[in-house]
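K.L.:
A predicted structure for the sequence below; I have some questions about it.
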Amino acid sequence: MNEFSQMDVTIFHAGNITITLGSLVAALLVLTVGYWISRKARLVIQKVLAPRFKIDRSTAFALGTIAFYVIVIVTTMCALSILGFDISNLAIVAGALSVGIGLGLQSIANNFVSGLLLLFDSSIKVGDYVELGDGSRGFIEQIRVRSTIIRTNDDIEAIVPNSHFLSAPVINWTLSEASRRMHIPFGVAYGSDVDKVFDVINAMAFGLPDVKLDDPERMPRLWFTEMAESSLNFELIVWVKSPATMRPRGTTSIFLRAIHKTLVDNGFEIPFPQRDVHIRTVPDTLRTSTPPS
């Protein structure tokens with residue numbers, strides 16, 4: 001009986017509510033168990049249910065995260081109820097939130113709401129390949145409460161606030177499909193046979209790896225773009241498939257190597273900058289006098 005009486009010891013008062021040692025321990029236990037269940041539920045949805053019911057990765061991640069939030073909120077309300085708070089009265093909760101936001105939590109609240117919107121919106125999903133305004137690119141690894149994890153092609157994990165995806169332009173390379181159009185510029189020297197350039201490069205383009213050849217409207221094309229100072233410039237237009245879409249620089253390198261080899265094998269000269277200097281007058285100091293005979 002003495003142990004039970006110790007659990008009824010009053011710790012502090014919150015308005016008309018008396019917080020005892022027993023209610024505090026019970027509330028902490030509910031929060032701990034609820035948090036553990038929420039994490040396990042998220043893992044079960046992503047690792048067990050998704051493969052079994054053939055749910056794609058982004059949808060499974062969203063469902064798991066939503067389940068995590070719901071369980072955490074429910075257990076938090078249960079813990080507050082154990083402590084004696086009237087959860088139907090939201091004035092206390094609203095007051096606490098207003099104080100927290102007033103103390104500088106605006107950005108945290110903004111990122112939290114933005115994270116929820118990202119989970120419900122299909123424009124940005126886990127597994128997408130995106131490009132930010134600063135030019136950095138990578139795969140969406142996780143959408144967390146405050147931030148989103150992006151893994152770049154250099155295997156660097158970038159932490160981006162969720163609000164950035166709603167307030168700044170973001171390019172999603174894989175939003176509707178994984179293919180994209182690439183522009184590969186190159187040039188040949190003046191005097192080259194332009195028609196022959198078209199023939200050999202077009203023939204070569206159909207043999208490039210990861211090039212889409214199943215859509216008549218997306219076949220490889222060659223454009224004659226410019227008669228520059230030192231070269232005749234062209235641009236090879238090709239539609240590439242995934243995963244070449246996600247490694248644009250590596251794919252460009254492969255295509256340029258193939259173009260260079262094709263030009264060299266067919267006798268085309270690779271141009272380089274040249275300048276012709278025409279001397280119209282020569283200063284008297286530089287004139288060489290003819291020695292008398």
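P.N.:
Structure received.

K.L.:
Quick one: the helices in the stretch 101-250 of the chain, in order.
P.N.:
In the stretch 101-250 of the chain, the helices defined using DSSP state H, counting those that start in this stretch lie at 106-120, 164-167, 194-205, 248-265.

K.L.:
what does the second one rub up against?
P.N.:
Read it as helix 164-167. Ser114, Leu117, Leu118, Ile124, Leu132, Thr148, Val170 (CB atoms under 8 Å, 6 or more residues apart in numbering). (Each C-beta comes from the backbone N, C-alpha and C, glycine too.)

K.L.:
Isn't the first one up against Val160?
P.N.:
Just to be clear, that refers to Ser114. No: assessed by CB atoms under 8 Å, Ser114 is found out of contact with Val160, at 10.6 Å.

K.L.:
And the helices of the stretch 101-250 of the chain: which comes nearest Ala41?
P.N.:
Closest of these to Ala41 is helix 106-120, at 15.2 Å (criterion: CB to CB).

K.L.:
for the record, mean pLDDT for that closest one?
P.N.:
Helix 106-120 carries an average pLDDT of 78.

K.L.:
Same question for it: list its buried residues.
P.N.:
For helix 106-120, the neighbour count (16 or more other CB atoms under 10 Å) marks Asn110, Asn111, Phe112, Ser114, Gly115, Leu116, Leu118, Leu119 as buried.

K.L.:
Could you dump those into CSV and include distance to Pro273?
P.N.:
Formatted as CSV, those follow (distance: CB to CB, whole Å):
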residue, distance to Pro273
Asn110, 51
Asn111, 50
Phe112, 55
Ser114, 49
Gly115, 51
Leu116, 55
Leu118, 48
Leu119, 53
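
K.L.:
Which of the residues you listed lies at the shortest distance from Ile259?
P.N.:
Of the buried residues of helix 106-120, the one sitting nearest to Ile259 (CB to CB) turns out to be Leu118, at 40.2 Å.

K.L.:
what about the strands in the stretch 1-150 of the chain?
P.N.:
Counting by DSSP state E, counting those that start in this stretch, the stretch 1-150 of the chain has these strands, from start to end: 10-14, 17-20, 129-131, 137-143, 147-151.

K.L.:
Go through those strands and name the closest to Leu213.
P.N.:
Distance to Leu213, taken as CB to CB, is lowest for strand 129-131 among the strands of the stretch 1-150 of the chain, at 22.3 Å.

K.L.:
Contacts made by the closest one with the rest, please.
P.N.:
With contact meaning CB under 8 Å, 6+ apart, strand 129-131 is reached by 124, 137-140, 150, 170-174, 178, 245-246.

K.L.:
where are the low-confidence patches of the stretch 1-150 of the chain?
P.N.:
Scanning the stretch 1-150 of the chain with the threshold set as pLDDT under 70 gives 1-8, 12-15, 58, 87-105.

K.L.:
switch to 50 and redo it
P.N.:
Regions of the stretch 1-150 of the chain meeting the criterion pLDDT under 50 cover residues 1, 4.

K.L.:
Just send the contacts of helix 164-167 back as a markdown table, with distance to Leu63 too.
P.N.:
Listed next are the contacts of helix 164-167 as a markdown table, based on distance: CB to CB, whole Å:
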| residue | distance to Leu63 |
| --- | --- |
| Ser114 | 19 |
| Leu117 | 16 |
| Leu118 | 14 |
| Ile124 | 16 |
| Leu132 | 26 |
| Thr148 | 17 |
| Val170 | 23 |
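
K.L.:
Widest-spaced pair of those residues?
P.N.:
The most widely separated members of the contacts of helix 164-167, counting by CB to CB, are Leu117 and Leu132 (17.8 Å).

K.L.:
still on that earlier bit, closest to Leu49 out of the buried residues of helix 106-120?
P.N.:
Using CB to CB, Leu119 comes nearest to Leu49 of the buried residues of helix 106-120, at 16.8 Å.

K.L.:
Now that closest one. Nearest residue, chain neighbours left out?
P.N.:
Ala62 (4.4 Å; CB to CB, 6 or more residues apart in numbering).

K.L.:
got a list of what that neighbour touches?
P.N.:
Leu119, Phe120, Lys125, Val126, Ile143.

K.L.:
Just give me the closest of the buried residues of helix 106-120 to Gly267.
P.N.:
Lowest distance from Gly267 to these (CB to CB) belongs to Leu118, with 54.6 Å.

K.L.:
Can you turn the buried part of the contacts of strand 129-131 into a PyMOL selection?
P.N.:
Buried subset of the contacts of strand 129-131, written as a PyMOL selection, criterion 16+ other CB under 10 Å:
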select buried, resi 124+137+138+139+140+150+170+173+174+178+245+246
